[in-house]
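**Q** no letters, just coordinates:
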């Protein structure tokens, strides 16, 4: 099959799958479920759509409450360590000359000593290398490294780890503004019993599209709490701290599309202790156009599919353990849940036609979750007043479902290893 034929098949298949899942939702929502409690002679009937929307509302309300409560919880300054072993900060950078100052300047302001910063650039990126060398000349704590295995963020981080003599590391994207207490907070955990430390990242909602990006991140971060129930703590490749022993235990970051998602699976399989602190928050530049927002999120969803494929293949290569089953279930479940959101969307729409007041419940839960987190970020100066597009926040779930279907078919039919990078302006 030629590239054009595969593209046609992927586009056609995506539309058929998306419409098909919506139709399934509209067809199943009116189904009547009957529950009979024989000893009490009670017979209860309700629509399947009411049940699914009710369960969804309960999940959003509970995970939203846990997320907001964690974000609002008071920070324990006594757990921070401001002086100790050397810490190596790693900033992978590619076509980031205009935004590189954000992470470097914020790391220089961190309250930990000694802290050095390695900017890892790609050999074909002259502009970013030039800016990195200027920052290295201005600040003695900064070094510019050239990735010896160019081509991915994962190899850039691995190269810096191999180059450094430190045993403790923190990693940030070039456009991130690190919390001023990030390193001291991370070291407080890493010098205790943690192998990996993960902070929270939020897009800076500077406009309509950026506000949608912020809402989407809150929704995803709340979803990660479900994994916590089985001890699967999500960790990333940015706003992250880890020990040399931990990174060696997993063999470094894997050179895959979403190395951060796979890193979470690596850590779980290696039985590493991952500690999250959602009060330790950094901000990153958000996509500024719908095209960029779509492209970035689709890359992440294709990465989810790739990780699912890899984990299934790895589990089947040997006798699967309980840990394999949990990680495969976590990976595949995230993909299936994305598709199920299209069915749920149809249930909500049909319920709105039958009983508008009932359909308002899930919407209220979504806005309450986002409002609870936004208010904390606003109080600490990370965000301002939201754009009007915050009213469109529930559409994030629909978009997530569409992206999932699209990502699955692209991965199977047309994806050839390419990845999408958003335009960064330093906003």
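**A** That came through fine. Quick caveat: nothing in here was measured; it's all calculated off a predicted structure.
**Q** and for residue 19, the neighbour number?
**A** Neighbour count for residue 19, taken as other Cβ atoms under 10 Å: 12. From N, CA and C alone the C-beta is placed, and that goes for glycine too.
**Q** I meant to write residue 148 there.
**A** Residue 148, neighbours per other Cβ under 10 Å, totals 13.
**Q** repeat for residue 371
**A** Count around residue 371 with other Cβ under 10 Å applied: 17.
**Q** and the gap between it and residue 390?
**A** As judged by Cβ to Cβ, to the nearest Å, residue 371 and residue 390 stand 9 Å apart.
**Q** again with residue 58
**A** In terms of Cβ to Cβ, residue 58 sits 23 Å off from residue 390.
**Q** who's more crowded, these two?
**A** residue 390 (18 against 13).
**Q** show me where this protein has helices.
**A** 3-28, 48-72, 100-108, 126-138, 153-163, 182-190, 208-228, 244-249, 259-269, 290-316, 322-354, 356-379, 395-413 (DSSP state H).
**Q** which of those comes out lowest on mean pLDDT?
**A** Of all the helices of the chain, the minimum mean pLDDT falls on helix 322-354 (a mean of 87).
**Q** for it, the distance to its chain's centre please.
**A** 17 Å (Cα atoms, centre = their mean, to the nearest Å).
**Q** what angle do that helix and helix 395-413 make?
**A** 130 degrees (axes from the mean of the first three to the mean of the last three Cα atoms, to 10 degrees).
**Q** look up the closest residue to residue 203, ignoring the ones flanking it.
**A** In this structure, residue 203 finds its nearest non-sequential neighbour in residue 286, 3.4 Å apart by Cβ to Cβ, 6 or more residues apart in numbering.
**Q** now do the same contact list for that neighbour.
**A** 203-206, 209-210, 213-214, 293, 427 (Cβ atoms under 8 Å, 6 or more residues apart in numbering).
**Q** pLDDT at it, what is it?
**A** The model's pLDDT for residue 286 equals 94.
**Q** burial measure for residue 408, as a count.
**A** The number of residues near residue 408, taken as other Cβ under 10 Å, comes to 23.
**Q** any idea how many residues pack against the closest residue to it other than its chain neighbours?
**A** The shortest distance from residue 408 to any non-neighbouring residue, by Cβ to Cβ, 6+ apart, is to residue 305 (5.5 Å). Counted with other Cβ under 10 Å, the neighbours of residue 305 add up to 24.
**Q** my guess is residue 305 contacts residue 406. True?
**A** No - if you go by Cβ atoms under 8 Å, residue 305 and residue 406 don't touch, sitting 10.2 Å apart.
**Q** show me the contacts for the nearest residue to residue 387 once chain neighbours are set aside.
**A** Leaving aside its chain neighbours, residue 387 sits nearest to residue 211 (4.0 Å; criterion: Cβ to Cβ, 6+ apart). When contacts are counted by Cβ under 8 Å, 6+ apart, residue 211 touches 205, 386-387, 389-390.
**Q** among those residues, which has the minimum pLDDT value?
**A** Lowest pLDDT among those: residue 386, with 90.
**Q** pull the number of nearby residues for that one.
**A** For residue 386, using other Cβ under 10 Å, the count is 19.
**Q** not counting sequence-adjacent ones, nearest residue to it?
**A** Here the residue nearest residue 386, using Cβ to Cβ, 6+ apart, is residue 211, at 5.3 Å.
**Q** how near is the one you found to residue 115?
**A** Using Cβ to Cβ, we find residue 211 at a distance of 33 Å from residue 115.
**Q** again with residue 251
**A** For residue 251, the distance to residue 115 - Cβ to Cβ - is 26 Å.
**Q** now the residue nearest to residue 386: how far from residue 287?
**A** 11 Å.
**Q** ok so, going back, turn the helices of the chain into JSON lines, columns for distance to residue 91.
**A** Output for the helices of the chain, formatted as JSON lines (distance: least, Cβ to Cβ, whole Å):
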{"stretch": "helix 3-28", "distance to residue 91": "35"}
{"stretch": "helix 48-72", "distance to residue 91": "25"}
{"stretch": "helix 100-108", "distance to residue 91": "5"}
{"stretch": "helix 126-138", "distance to residue 91": "8"}
{"stretch": "helix 153-163", "distance to residue 91": "9"}
{"stretch": "helix 182-190", "distance to residue 91": "13"}
{"stretch": "helix 208-228", "distance to residue 91": "21"}
{"stretch": "helix 244-249", "distance to residue 91": "16"}
{"stretch": "helix 259-269", "distance to residue 91": "15"}
{"stretch": "helix 290-316", "distance to residue 91": "19"}
{"stretch": "helix 322-354", "distance to residue 91": "28"}
{"stretch": "helix 356-379", "distance to residue 91": "23"}
{"stretch": "helix 395-413", "distance to residue 91": "28"}
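**Q** and the residue lying closest to residue 143 once chain neighbours are set aside, what does it touch?
**A** Nearest residue to residue 143, sequence neighbours excluded (Cβ to Cβ, 6+ apart): residue 118, at 5.0 Å. Listed by Cβ under 8 Å, 6+ apart, the contact set of residue 118 reads 88-91, 142-145, 160, 163-164.
**Q** no further queries at this time; thank you.
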